[in-house]
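here is a sequence together with a model predicted from it:
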Amino acid sequence: MVDQVLAGWREQGIRNVRFELPDMHGTSRSKIVPIEHAERYASKGLNMYGGTGVLDSRSDVVSGTLYNEEVAYADQLLRPDPSTAAVVPWAEATARLICDGFWADGRPLMAAPRHVFRRVLERCRDVGYEPLIGIEYEFYLLDPQTRTPLFSGYHIFNTVRNTWVPVIERIVADMRQYGLDIITANCEYAGSQWEINYRPGTGMAGPDQAFSFKNGVKELARREGLLATFMTKPFADSAGCGAHTHMSLLSRDSGEPAMADPSGPMGFSTVGRQFMAGQLRHGSSTYALLAPTVNCLKRRRTHTFSPTNISWGIEDRSAFLRVKEGSPEDRHIENRAPSGLSNPYLASAALLGAGVLGITEELELGPAARPPAEEDESQEPLPTSLEESLRLLESDDKLVELLGSEFIEAYTVMRRHELARLADHVTDWERDEYLELY
C-alpha cells in the first residue's frame, strides 16, 4: 500500500517525504526523507531516538519514562500508516506519512499517544461501535517578535476581522487540499483569536485530523510571518483556548448512529446515555489528559464557557458535557473540558475510553445539572491542581487498564518532571512582590 502511495507521489513530482511521529504533547516530530529512500524506510522502519515520544514540554530527556535509560536510549523504528498519506500544500514538493513507533523486535511503544488511542479504539470496536470525533480548536495569532496579539478588543464573529490577516484564508484553502473538510472559520471572542472547524472523522482519523490541523496552522502562520499558539491561557486578561471535543458512536454492523433514539429521553438511546454516564463517572480521572498542564487550569473560570464541575446539560455551554440537540443522525455530545494544550490522541482516548466503560458497565445517567451547570453546587468539582489530576488518573484502575499501565507510568513521570521544574522557577510576580520591599 505504501509503495503504491510513493509511486503516485513520484509521478506528481514529490521530492521529500516527512515521516511524522506525534509526541506526548501532540507536537509533530519528524524526519525528512528524500523520496528515493522512502520506500526502503517504509518497509524496514525509519530509526528515531526511542525517547522522542516521551520528552517533556521543554524536550527534556526525563528519567523514569521507560524509553530512556531503561532501554539504553535505544532507537525506535517508525512505520508509516498509509491511510495518513497527504501532500503538504504549503511545503514545496513535500508529502507526509504519520507513523507509529516499534522496537527492533516488533513490540510497539505502548506509551506513544497513537498507540494509546488505538488500544481504546479496538476496545470500542469490540463492543460494536465506531467513534466519530471532531475537535474544535481555538488559537491566537501573535506578532512573533513581541508575542503580543495583533489587535485587542472583543470581536467574536466580526465579519471584517474574520479575515483580518490573509493567513486565515490560506489556512482554509490549504487545509482543504491537505484532506481536512473545513466547514466554518471565524474570529473568536478575544482580539487576535480564531476558530476554524472541519468535519469529524471516524476511528483514528478523528485525532489524526486534529494533529494535522494544529501542526499545520503553526507552520502556515510561521510562513506568513506570524506566531500561532494553541496555548490554553496565553494572557491573564484574555480568553482561553479550548478544544471542544464532539463525539458520537456509529454501529459497526449497520453504520447507523448508535446514540440516537427518537423515543428515548432527549432523543438519546440507552447506549448514548451510558456513554455519557461513563464520561461523567471518570471525569476527574480523565482530567489529567484533558487539561494536561498548569496553564490549562487558568482557563477554568466561571462565566467563561469553560466547565468547573462534572455536569451535563442540554445546550449548556458551562457544563462538562453539553448535549447537542438536532436531528437524530446528528445526535452527539460535546465535552467542553479539553483545552488547547491537550493532545488530541490522549484526550480522545480518555473520553472514548470513559464512554466505553459506561457502556460495558451499563451505567445509569443521572439528572442534568440545574442550568447554568457551573452554578449548581451539587455537582462534583473538577480537580483544582495538576498533581491532584495525576493522582486521580493513577488511582482509576479501570481507566489505567484501558489506557495501558506503560502509558500511565511514562505520562505521569513526565508531567511531574515539568511540575518540579515549575516549582524551582522564580516568577516575575515573586520578584515584584518581594525583591524591593523585603
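Ah, there it is.

now do the same contact list for the residue most central in space within the chain.
For the chain, the residue nearest the mean C-alpha position is Pro344 (1.8 Å; C-alpha atoms, centre = their mean). Pro344 makes contact with 26, 135, 206-207, 210-211, 214, 243, according to C-beta atoms under 8 Å, 6 or more residues apart in numbering. In short, each C-beta sits where N, CA and C put it, glycine included.

what secondary structure does the closest residue to Thr302 other than its chain neighbours sit in?
Using C-beta to C-beta, 6 or more residues apart in numbering and skipping the chain neighbours, the partner closest in space to Thr302 is Glu374 (4.8 Å). At Glu374 the chain is in helix, as set by DSSP: H, G, I helix; E, B strand; the rest coil.

count of residues packed around Ile171?
By the criterion of other C-beta atoms under 10 Å, Ile171 has 26 neighbours.

what's the nearest residue to Leu341 once chain neighbours are set aside sitting at in phi/psi?
Spatial nearest neighbour of Leu341, excluding adjacent residues (C-beta to C-beta, 6+ apart): Thr232 at 4.7 Å. The phi and psi values for Thr232, taken as degrees, to the nearest 10, are phi -60, psi -50.

going forward, the N-terminal residue is numbered 308.
Yep, numbering from 308; the last one is Thr539 now.

touching, Thr539 and Pro645? I think so.
No: counting by C-beta atoms under 8 Å, Thr539 stays clear of Pro645, with 9.7 Å between them.

between the two, which contacts overlap?
With contacts taken as C-beta under 8 Å, 6+ apart, the residues that reach both Thr539 and Pro645 are 549, 598.

of the two, who's got more company?
Set side by side, Thr539 and Pro645 show more neighbours around Pro645, with 29 against 26, by other C-beta under 10 Å.

next one: phi and psi at that one?
Torsion angles at Pro645 (phi, psi; degrees, to the nearest 10) stand at phi -60, psi 140.

rewinding a little: quick one: neighbours of the residue nearest to Thr609, just the number.
Neighbourhood size, Glu681 [other C-beta under 10 Å]: 25.

and what of the one 4 residues further on?
Using other C-beta under 10 Å as the criterion, Ser685 is surrounded by 9 other residues.

what's it in contact with, if anything?
Counted by C-beta under 8 Å, 6+ apart, Ser685 has contacts 676-677.

distance of it relative to Pro572?
Noted for Ser685: a distance of 20 Å to Pro572, by C-beta to C-beta, to the nearest Å.

swap in Asp704?
30 Å.

what's the neighbour count on the residue lying closest to Asn642 once chain neighbours are set aside?
In this structure, Asn642 finds its nearest non-sequential neighbour in Thr552, 4.8 Å apart by C-beta to C-beta, 6+ apart. Thr552 is flanked by 27 other residues according to other C-beta under 10 Å.

what helix or strand is Thr552 on?
Here Thr552 sits within strand 550-558, counting by DSSP states H and E.

could you do Ile640 as well?
Using DSSP H and E, Ile640 falls within strand 639-642.

same check, this time on Trp316
Going by DSSP H and E, Trp316 is in helix 309-319.

about what we covered before: immediately after the strand holding Ile640, which helix or strand?
Following strand 639-642 in sequence order, the next helix or strand is helix 651-667 (DSSP H and E).

tell me the buried residues in the helix or strand hosting His344?
Assessed by DSSP H and E, His344 sits inside helix 342-351. For helix 342-351, the neighbour count (16 or more other C-beta atoms under 10 Å) marks 342, 345-346, 348-349 as buried.
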